[in-house]
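Engineer: Next come a sequence and a model predicted from it.
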Amino acid sequence: MSLFKQQPKNQEATQNFPVPDNPDLRSQQANESGDQQNQQQYFQDVTEYPVNTAPASGTEDNLYSSSSNSDPIAMPNSAPVPNEQAFPNVNEWQATEEQLNNLEDQAGNLKRILKDQLLNSRTFYNQKLQSTTVVNDAYSADLQQIQQINDSLKRWFGTDAISGSIAFDSARKYFIMSENLFTDTDQRQNNMADLNYFLDDYGILPTMMTISYDEDLTGKWQDYINAGIVNPESNLINIYQYFQNENQANTPAALRKGTIEISPHARVENDAENNIDRIYEGNSLIMRVVKDLNNHPAQIFHYFDDILLSLDHLDVQGNNLLTQFFDKNDAQHILREHYYRLDGSLAVIKSFQDTEPYVQVMNQANVLVQAFNTEQDFIAWWLVNKILDEQTTIILPIDSPILPILLDYPDASYQVIPYITNYHKQEALVDKLLARNLEAGPGILVNDQQAQLKISELTQGQVNVSVVSDTNA
């Protein structure tokens, strides 16, 4: 039962409640009745609008009614089924959308191609300007080209502060410098392999370069080739072997063959288990010869009054390549190292005494050529004067102490490319590197795109940055 019932329209609502006669109230009721009649007449004028003008039934008009007690509600007639001929190509939007998606993909690819082309062109014209010594019409035209390229970068990419890639030239000679050939299977070998494969994509066959003396260098180099770390056609240069082999191609074999001379009164005792010969004069040990697996002398220890005096390092042909001299009061302290050529002349002298230069370079007549106080100065002098020229590019790790020397070397005509293998661990070195003027150089190598983006941001795109991809990824 409804709490509130709507009275039938033909029944007075105030029949049970007499109300005193009020002229104002009568006037208000008359106005309301007239408004209702006018409103009903207004909607009837609209032929489409359904207006019920029939008198109300005696049944109560409840807000909520049971469907079981009422007739089904008549729904308006449904709209007519559209004629397909009036809507041609109704489903072709799908094909159009697919075409638009394809156009977006094509536009993205074209923008990537355009970006590479613009950056490569800018690198070309920048290098062209750097090699120009005269400001003329051609110089001005190149400047205009760079400006047009920067305008296009701004238009399509919002900025011209974008680093380009390093322009590699297969006509140049490339060197990769490393302290040594590392035999441990760690990240350093992986970085070396990645770099060699990266350069191979540009048709570049680099020459490997090491700066530490290593008796096993030849064997390690073969291991690198067998492991696929370097191209089998690559060459290897070592700074000490360079001076030892300098001008030695025509040295007679008789002079190159080393011999061990002992006194007729000397006594040799063989230690077959350890492959060692001990040589005595009387009761004093004067020599200890350590032999290799082929029973050839590899190291000769010399003694004086039973105290270690020196140590010779021989190659497989018996040539003495290095002699180390020891402090008689401390056998662990090396006083001096002599590096020999195949003809027996001194090539390099290294001294660990404060009263002598650290490195001395000698000619074949044992005449001093150059002296240095540090190993780094010696290496840099060798590179600049013996190896590098205007057609060479050297790649070396950012943590190499040789890098700042080569970058600051006066009147240098070679190119230097630093190689950053771990940006996060080497960030302090990167900051020092970027503090230099690197805009005139070829650029920087990194091993991930995040480092590339960071350096591009820090340099405002003024330094080229290329990514050496991980071949194991």
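Structural biologist: Now that the structure is in, tell me what you want to look at.
Engineer: what's the longest helix along the chain packed up against?
Structural biologist: Secondary structure of the chain per DSSP state H: the longest helix is helix 93-130. Counting contacts by 3 or more C-beta pairs under 8 Å, 6 or more residues apart in numbering; DSSP states H and E, helix 93-130 is packed against helix 137-157. Heads up, the C-betas are built off the backbone N, CA and C, glycines and all.
Engineer: rewinding a little: could you give me the average pLDDT of the longest helix of the chain?
Structural biologist: Average pLDDT, helix 93-130: 89.
Engineer: List the buried residues in it.
Structural biologist: 115, 118, 119, 121, 122, 123, 124, 125, 126, 129 (16 or more other C-beta atoms under 10 Å).
Engineer: Relative to residue 101, which of those is nearest.
Structural biologist: Using C-beta to C-beta, residue 115 is the member of the buried residues of helix 93-130 that lies nearest residue 101, at 21.4 Å.
Engineer: can you count the residues close to the closest residue in space to that closest one that isn't next to it in sequence?
Structural biologist: Distance criterion C-beta to C-beta, 6 or more residues apart in numbering; nearest residue to residue 115, sequence neighbours excluded, is residue 157 at 6.4 Å. Residues lying near residue 157 (other C-beta atoms under 10 Å) number 14.
Engineer: cool, residue 276 as well?
Structural biologist: For residue 276, using other C-beta under 10 Å, the count is 15.
Engineer: Please, where are all the helices along this structure?
Structural biologist: Using DSSP H, helices in the chain cover 23-44, 93-130, 137-157, 187-200, 217-226, 239-245, 253-256, 375-382, 402-408, 427-434, 449-458.
Engineer: Could you dump those helices into TSV with distance to residue 469 added?
Structural biologist: Output for those, formatted as TSV (distance: least, C-beta to C-beta, whole Å):
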stretch	distance to residue 469
helix 23-44	78
helix 93-130	16
helix 137-157	23
helix 187-200	7
helix 217-226	20
helix 239-245	30
helix 253-256	45
helix 375-382	30
helix 402-408	23
helix 427-434	20
helix 449-458	9
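Engineer: Out of the ones you listed, which gets nearest to residue 174?
Structural biologist: Counting by C-beta to C-beta, residue 174 lies closest to helix 187-200 out of these; the figure is 6.4 Å.
Engineer: got the CA coordinates for that closest one in CSV?
Structural biologist: Extracted as CSV, the C-alpha positions of helix 187-200 are listed here (Å, rounded to 0.1, in the frame of the first residue of the first chain):
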residue,chain,number,x,y,z
GLN,A,187,85.2,-8.6,-18.8
ARG,A,188,88.4,-7.2,-20.2
GLN,A,189,88.6,-10.0,-22.8
ASN,A,190,84.9,-9.5,-23.7
ASN,A,191,85.5,-5.8,-24.1
MET,A,192,88.4,-6.4,-26.4
ALA,A,193,86.4,-8.9,-28.5
ASP,A,194,83.4,-6.5,-28.7
LEU,A,195,85.7,-3.7,-30.0
ASN,A,196,87.3,-5.9,-32.6
TYR,A,197,83.9,-7.0,-33.9
PHE,A,198,82.7,-3.4,-33.9
LEU,A,199,85.6,-2.2,-36.1
ASP,A,200,85.2,-5.2,-38.4
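Engineer: which parts of it are buried?
Structural biologist: By 16+ other C-beta under 10 Å, the buried positions in helix 187-200 come out as 188, 189, 190, 191, 192, 193, 194, 195, 196, 197, 198, 199.
Engineer: Quick check: nearest residue in space to the fifth one, chain neighbours excluded?
Structural biologist: Right, residue 192. residue 229 (5.6 Å).
Engineer: what's around the one you found, how many residues?
Structural biologist: The number of residues packed near residue 229 is 22, by other C-beta under 10 Å.
Engineer: so what's it up against?
Structural biologist: 189, 192, 193, 196 (C-beta atoms under 8 Å, 6 or more residues apart in numbering).
Engineer: Let me know how buried residue 175 is, in neighbour terms.
Structural biologist: Neighbours around residue 175, by other C-beta under 10 Å: 19.
Engineer: That's all I had, so thanks and see you.
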